[in-house]
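# just to be clear, the model below is a prediction. Sequence and coordinates:
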Amino acid sequence: MINVVNIELAQKLEQAEIDLLTSRLSAIQNIEGNPMGIELQTFGTATAFLAKNIPGPSFNTVKGLRAGEEHYIEKILKFYDQHDIPIQFELTPAHISKELLTYLNKLGFYQIDFHTTLYKQLFEESHEDTPNITIRKLKENEFELFGEIYTKGFQMPDFLTSGVARNNRVLYSNPNWTFYLALINERPVGIGVLFSKNKIATLAAATTLPYERNQGIQSALIKKRMMEAYENDNELLVGQARFGSVSQNNMERAGMKIAYTKAIWVKG
């Protein structure tokens, strides 16, 4: 039983994030012609993720950089500069040092945000079903629906629906990934994703249609994924959310604990 957060646990949680994004982007990279312009490169313990044709920082980020690896930073900067992509570092409290932060600052970087990592030791427990909400696995022919809910839930432009569907469909046959659909009275209202590797399950993307919120849909999706993660012999459940967000609150209500908050650093 894990009762406290230590360096070993923090490393496992961070590696779970790296494994998830590596798996996702590697699958997208293997789409014929690599239309999203995916590249992945390691620098010491850090992994630099680059998705030239997927806007935003979610897929264009550096994870795993540790104190003592300052000599890799300029190489990482060159990697992103070659593709004209803004760089973002996600730094965990387990691996930073005064020297690392000072070095980043001298190069013009500054902290712009916090992001919370949560965890839960998995064990057998009962979960009551939420009235009127059904959670089932997504079918292979439902990824356009998945894309529609995803883009509406995250308030993305409608024209991205097909791209989201394609970029997730490539993961359907991968045994590490499971996709879920939430329904109210047979009406699709939300989606959730679970990634599992090395006995650690990660709550991946999840969202609800804006006009269907405040009905317990996300809590039901968390409980379903938590239950199936345990049934599939995972020992830990991991999740990430913006600090103090509704998503973080839902995870905490489901029994997850805050492990740490990551510092997000960008260049000015």
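Yep, it's here. Residues are numbered from 1 along each chain as shown.

# all contacts plus neighbour counts: C-alpha atoms, from now on.
OK.

# give me the phi and psi for the most far-flung residue of the chain relative to its centre.
What lies farthest from the middle of the chain is residue 106; by Cα atoms, centre = their mean that is 29.5 Å. Residue 106 adopts backbone torsions of phi -60, psi -30, taken as degrees, to the nearest 10.

# tell me how far it lies from residue 43.
Remark: distance between residue 106 and residue 43 (Cα to Cα, to the nearest Å) = 20 Å.

# is it fair to say residue 188 lies in a helix?
No. Residue 188 sits outside any helix when classified using DSSP: H, G, I helix; E, B strand; the rest coil, being strand.

# ok, back up a step: list the residues that contact the residue farthest from the centre of the chain.
By Cα atoms under 8 Å, 6 or more residues apart in numbering, no residues touch residue 106.

# from residue 100, how far off is it?
Taking Cα to Cα, one finds residue 106 at 10 Å from residue 100.

# all helices for this protein, in order.
Using DSSP state H, the helices of the chain run over residues 7-29, 73-81, 98-106, 143-153, 161-169, 217-231, 246-253.

# residues in contact with the shortest one?
Counting by Cα under 8 Å, 6+ apart, helix 246-253 makes contact with 116, 118, 218-219, 222, 239-242, 258, all of which sit outside it.

# residue 189: which of those is nearest?
residue 218 (10.0 Å; Cα to Cα).

# can you read off the pLDDT for the closest one?
Taken from the predicted model, the pLDDT recorded for residue 218 is 95.

# how about the contacts made by residue 123?
Going by Cα under 8 Å, 6+ apart, residue 123 touches 230, 235.

# going forward, the N-terminal residue is numbered 12.
Sounds good: first residue 12 from here, last item residue 134.

# and it, what are its phi and psi?
phi -150, psi 170.

# what's the distance between it and residue 235?
For residue 134, the distance to residue 235 (Cα to Cα) stands at 14 Å.

# coming back round to it: could I get the helices of the chain as JSON lines with distance to residue 205?
Formatted as JSON lines, those follow (distance: least, Cα to Cα, whole Å):
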{"stretch": "helix 18-40", "distance to residue 205": "10"}
{"stretch": "helix 84-92", "distance to residue 205": "29"}
{"stretch": "helix 109-117", "distance to residue 205": "33"}
{"stretch": "helix 154-164", "distance to residue 205": "14"}
{"stretch": "helix 172-180", "distance to residue 205": "12"}
{"stretch": "helix 228-242", "distance to residue 205": "7"}
{"stretch": "helix 257-264", "distance to residue 205": "14"}
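
# any low-confidence regions in the stretch 112-261 of the chain?
For the stretch 112-261 of the chain, no stretch has pLDDT under 70.

# list the contacts of the closest residue to residue 156 other than its chain neighbours.
Spatially, and ignoring its direct neighbours in sequence, residue 156 is nearest to residue 176 (7.9 Å; Cα to Cα, 6 or more residues apart in numbering). Residues in contact with residue 176 (Cα under 8 Å, 6+ apart) are 154-158.

# most neighbours out of these, which is it?
Within the contacts of residue 176, neighbour counts (other Cα atoms under 10 Å) peak at residue 157, which reaches 26 neighbours.
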